[in-house]
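Enquirer: Return a 3D structure for these sequence lines:
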Amino acid sequence: MNSVHLRDVIEDDLPVFFEHQRDPVATRMTSFTPRDWEAFMAHWARISANDAIFKKTILFNGQVAGNIASYEHSGEREVGYWIGQEYWGKGVATQALAELLSYEKKRPIYAHVARHNVASRRVLEKCGFTICGEDKGLPDPAGEQVDEFILILR
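Expert: The predicted structure is shown next:
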């Protein structure tokens, strides 16, 4: 049986996270522009220093499969996750989000997902999120504006 667990982020996880966020297929799905190493490490230094951010490494069968976090953004609690492409379609994101939500009790909690990222929207819906609005996200790596769904868990 496949096993998904969350644990605290350790420094050895960061090179794996760095490679995940550089994957061109994943960046198209998330409409995310990858960071270079210096910017990536500065970003994680800020995250690591902020105790208000609940951040965990996702392990799948003992291997680092990604990361997940909940955090305040514009006065609202949000959740976000990143799963390495080699772990897609295995239920990793759904199990990791369900576990995070068992710790993160504050409601409502929101998530943003690119309209074209049907798999990620499905993960959120399986965990009880529903679409509550739409927004314009950040430009994708090609500079195109990306439409997003906003989802909520009450």
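Enquirer: Name the helix or strand of this structure that has the lowest mean pLDDT.
Expert: Lowest by mean pLDDT, DSSP states H and E among the helices and strands of the chain is helix 24-30, with a mean of 88.
Enquirer: Verify the contact between V16 and F60 for me.
Expert: No: using CB atoms under 8 Å, V16 makes no contact with F60, being 11.8 Å away. Using the backbone N, CA and C atoms, a C-beta is placed for each residue, glycine as well.
Enquirer: ranges for the strands of the chain?
Expert: 4-7, 54-60, 63-73, 76-83, 109-114, 130-136, 147-153 (DSSP state E).
Enquirer: Distance-wise, check L14 relative to H112.
Expert: 24 Å (CB to CB, to the nearest Å).
Enquirer: Those two: which is more packed in?
Expert: H112 (22 against 19; other CB atoms under 10 Å).
Enquirer: one step back: just want to know which of V16 and F60 has more residues nearby.
Expert: The neighbour count for V16 versus F60, taken as other CB under 10 Å, is higher for F60 (21 against 15).
Enquirer: Pairing-wise in the sheet, spell out the partners of the more buried one.
Expert: Beta-bridge partners for F60, by DSSP bridges, are V4, Q63.
Enquirer: Can you verify my assumption that it contacts V4?
Expert: Yes: at 5.6 Å, F60 counts as touching V4 under the criterion of CB under 8 Å.
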